[in-house]
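1. what follows is a predicted structure for the sequence shown.
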Amino acid sequence: MFNEQHISYIVISGLLTAVLLVLARIFVKDERSKNNILKFWAILTVAIHYSNLWVDYFTTGGNATVENNQILPVYPCNVVMWMLLVAALIQNKKRLLFQILGEFCFYGGLVCGVIGIVLNANFDNTPTLADFDILKGLLSHSTMLFGCLYMLVGGFIRIRVFNAVSVTMGLGSFLVCGLGVDYLYEHFGMEPPDGMFLRSNPYLKTSPIILGIWAVVLLFCGLALWELRLPREERWYSKLHLRN
């Protein structure tokens, strides 16, 4: 990890993502074009995720090995990827479902995308971009990161305290998927892959559930401070009062 190839990829990917987001912000104004951009990056992410199957199939004379995260949501990035696709395909972007998915994709995709690029475990095991499986893994994280960040850049979501609710629900889906995947493996007599890293965390020696709780608490506090810049009637507690 962090050899010349990896560092070069991180720098180039980061610069391209930033430049493309700025260009999209400046030049793309109509809603149809924004929706098309979101769909393009969401579909591209899924296509890249499965691209190794096509490459393997044609380079080995008709054989391809399906990875566990290509048939099951084993890792957080898998869940975010599919949430991004579902959100992108929702026609009415004002729907509550889209807002929940979009807000979680922004925060979850930012964290998962950056970790998947900078601390990519597969690259650590096979530190070369010449291996297509490694390259496509990095590329899919880059495209997913762009799509998730475009949720905010494209004006699909707003920074607000209620983002914390969407993040909580998204993290809850991680828990359900992780437990579900491990249960399926155990039910069929297989060694579970530790779905969503619920049993062990490769990055921090702390339960991901505890990390998730702290993440939501810190996010809520940060967003509450952010909303202090808004008029009192637009802040979260005023809106709660009005709804009651």
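-> Noted; the coordinates are in hand.

2. where in this structure is pLDDT low?
-> Along the chain, segments meeting pLDDT under 70 span 241-244.

3. quick check: longest helix of this protein.
-> helix 31-59 (DSSP state H).

4. the helices in the protein, which residues?
-> With helices called from DSSP H, the chain shows them at 4-27, 31-59, 76-89, 96-118, 121-125, 132-153, 163-187, 208-226, 236-243.

5. how far off helix 163-187 does the third one point, in degrees?
-> Read that as helix 76-89. 120 degrees (axes from the mean of the first three to the mean of the last three Cα atoms, to 10 degrees).

6. which one of the helices of the chain lies nearest to Arg199?
-> Among the helices of the chain, helix 163-187 comes nearest to Arg199, with 7.9 Å by Cβ to Cβ. To be clear about C-beta, it is placed using only N, CA and C from the backbone, and glycine gets the same treatment.

7. report the buried residues of the closest one.
-> Going by neighbour count (16 or more other Cβ atoms under 10 Å), the buried part of helix 163-187 is 163-168, 170-171, 173-174, 177-178, 181-182, 185.

8. likewise stretch 211-227?
-> Under the neighbour-count criterion of 16+ other Cβ under 10 Å, stretch 211-227 has 212, 215-216, 219-220, 223, 227 buried.

9. and it, how far out from the chain middle?
-> Here stretch 211-227 shows a centroid-to-chain-centroid distance of 18 Å under the convention Cα atoms, centre = their mean, to the nearest Å.

10. stretch 98-106 now?
-> Relative to the chain's own centre, stretch 98-106 is displaced by 10 Å; criterion: Cα atoms, centre = their mean.

11. for it, buried residues please.
-> Residues of stretch 98-106 classed as buried: 98-106 (neighbour count, 16+ other Cβ under 10 Å).

12. need those residues in TSV (columns: distance to Asn78).
-> Listed next are these as TSV, based on distance: Cβ to Cβ, whole Å:
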residue	distance to Asn78
Phe98	20
Gln99	22
Ile100	18
Leu101	15
Gly102	18
Glu103	19
Phe104	14
Cys105	13
Phe106	17
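
13. now for those: which two are most distant?
-> Largest separation among the buried residues of stretch 98-106 by Cβ to Cβ: Phe98 and Phe106, giving 12.1 Å.

14. list the residues that contact the residue nearest in space to the middle of the chain.
-> Residue closest to the average C-alpha location in the chain (Cα atoms, centre = their mean): Gly109, at 2.7 Å. Gly109 is in contact with 80, 84, 144-145, 147-149, 151, counting by Cβ atoms under 8 Å, 6 or more residues apart in numbering.

15. most neighbours among those, please name it.
-> Neighbour counts for the contacts of Gly109 (other Cβ atoms under 10 Å) peak at Val80, which has 32 neighbours.

16. how near is the residue nearest to the centre of the chain to Gly222?
-> 18 Å (Cβ to Cβ, to the nearest Å).

17. same question, Pro202
-> Counting by Cβ to Cβ, the separation of Pro202 from Gly222 is 26 Å.

18. before we move on, what about Arg232?
-> For Arg232, the distance to Gly222 - Cβ to Cβ - is 19 Å.

19. number of nearby residues for Phe146?
-> When neighbours are counted by other Cβ under 10 Å, Phe146 comes out with 26.

20. cool, and Asp194?
-> By other Cβ under 10 Å, the residues close to Asp194 number 17.

21. and if you look at Ile210?
-> Ile210 is flanked by 11 other residues according to other Cβ under 10 Å.

22. what sits against the residue nearest to Val114 when sequence neighbours are not counted?
-> Of all residues not flanking Val114 in the chain, Leu145 sits nearest, at 7.0 Å (Cβ to Cβ, 6 or more residues apart in numbering). Residues near Leu145 by Cβ under 8 Å, 6+ apart: 17, 109-110, 113-114, 117.
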